[in-house]
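> Sequence plus predicted model, see below.
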Amino acid sequence: MKKIIFLCLFFIISGCAVFQPEESNFIQPKLIRQADLPPLLSSYSSNNFEFYCEMVINCCGDVERAKLLTRSGDAVWDSLAQLSLLKWKYLPAVYEGHPVKLTVRRKIRLVFEEPKIFSLAEIEIKNIEKADSVYNALISGSDFTTLCLHCSISKSKERNGLLGNVNIKHFSNDIQTQIANLDEGEFTKPLAYGDHFVIYKRLSLNN
């Protein structure tokens with residue numbers, strides 16, 4: 001089976017579910033984190049694969065609904081791919097300064113590329129003021145795990161913020177660059193993640 005290592009967003013082709021925006025007052029949603037798509041069957045001989053999909057992205061940047069508009073010929077793959085799209089995360093569309101719910105159609109091109117694996121922990125914080133406070137506490141020497149338990153709103157809090165081994169190429173370029181520059185034990189500044197902010201810490205790689 002071919003493993004899909006990296007996914008590349010090709011272009012936005014249309015779509016609005018709630019209103020018809022004026023371009024001058026409208027900012028398209030921006031992908032900040034992808035989820036793995038299922039591997040293609042080994043019988044699929046091409047080195048790349050493209051498909052169209054439709055997603056409803058809510059005001060928080062979460063994908064509420066997703067469907068494939070192009071079929072691969074494998075019903076199981078199509079179903080698993082659709083479930084994967086529901087895990088993608090965006091900066092939401094913005095209209096006249098406010099986040100809005102939007103339906104978009106996109107062409108996605110699968111690119112086969114070596115992963116870049118980091119072991120990460122995170123602290124997800126609701127607003128920038130609190131995030132800056134946590135970041136300053138970390139700089140002053142406060143314990144990452146303790147701050148995670150007291151301040152994080154992510155489900156990863158139940159695991160002391162641990163995300164495990166993560167392919168950072170699934171993040172947006174901005175987040176990917178910040179994480180890639182970390183040495184083990186270092187942490188990022190607060191990074192926008194949807195309508196929240198996340199501080200990532202690089203850990204020793206788990207085998």
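Happy to help now that I have it. Quantities reported herein were computed from a predicted structural model and do not represent experimental measurements.
> so where's the protein uncertain?
For the chain, the stretches with pLDDT under 70 are 1-24, 41-48, 112, 206-207.
> residue ranges for the helices of the protein, please.
75-85, 128-139, 144-151, 173-180 (DSSP state H).
> of all those, which lies closest to N167?
helix 173-180 (9.8 Å; Cβ to Cβ). (C-beta placed from N, C-alpha, C; glycine too.)
> what comes up buried for the closest one?
Going by neighbour count (16 or more other Cβ atoms under 10 Å), the buried part of helix 173-180 is 175-176, 178-179.
> Stretch 185-200 now?
187-188, 190-194, 196-200.
> For the residue sitting nearest the centre point of the chain, give its distance to D143.
By Cα atoms, centre = their mean, the chain has its centre lying nearest to R33, at 1.3 Å. Distance from R33 to D143, counting by Cβ to Cβ, to the nearest Å: 26 Å.
> Likewise for D36?
32 Å.
> Check I117 too.
Taking Cβ to Cβ, one finds I117 at 25 Å from D143.
> Then I32?
Taken as Cβ to Cβ, the span from I32 to D143 is 27 Å.
> who's more crowded, these two?
Between I32 and D143, counting by other Cβ atoms under 10 Å, I32 is the more crowded of the two (22 against 10).
> Let me see the contact set for the closest residue to L102 other than its chain neighbours.
Excluding the flanking residues, the one nearest L102 by Cβ to Cβ, 6 or more residues apart in numbering is A93, at 4.2 Å. Contact analysis of A93 by Cβ atoms under 8 Å, 6 or more residues apart in numbering lists 21, 26-29, 57, 99-102.
> what residues go with each domain of this protein?
6-111, 117-203 (automatic domain parsing).
> From the chain's centroid, how far away is the longest one?
Domain 6-111 has its average C-alpha position 11 Å from the chain's average C-alpha position, going by Cα atoms, centre = their mean, to the nearest Å.
> likewise the last one?
The gap between where domain 117-203 is centred and where its chain is centred comes out at 14 Å by Cα atoms, centre = their mean.
> so how far is L83 from the closest residue to E50 other than its chain neighbours?
Distance criterion Cβ to Cβ, 6+ apart; nearest residue to E50, sequence neighbours excluded, is R109 at 4.7 Å. Using Cβ to Cβ, R109 is found at 20 Å from L83.
> ok so, going back, closest to T70 among the contacts of A93?
So of the contacts of A93, ranked by how close each gets to T70 (Cβ to Cβ), first place is I57, at 19.2 Å.
> Is that closest one bridged to anything, and to what?
V63, L102 (DSSP bridges).
> List the residues that contact S204.
S204 neighbours (Cβ under 8 Å, 6+ apart): 119, 184.
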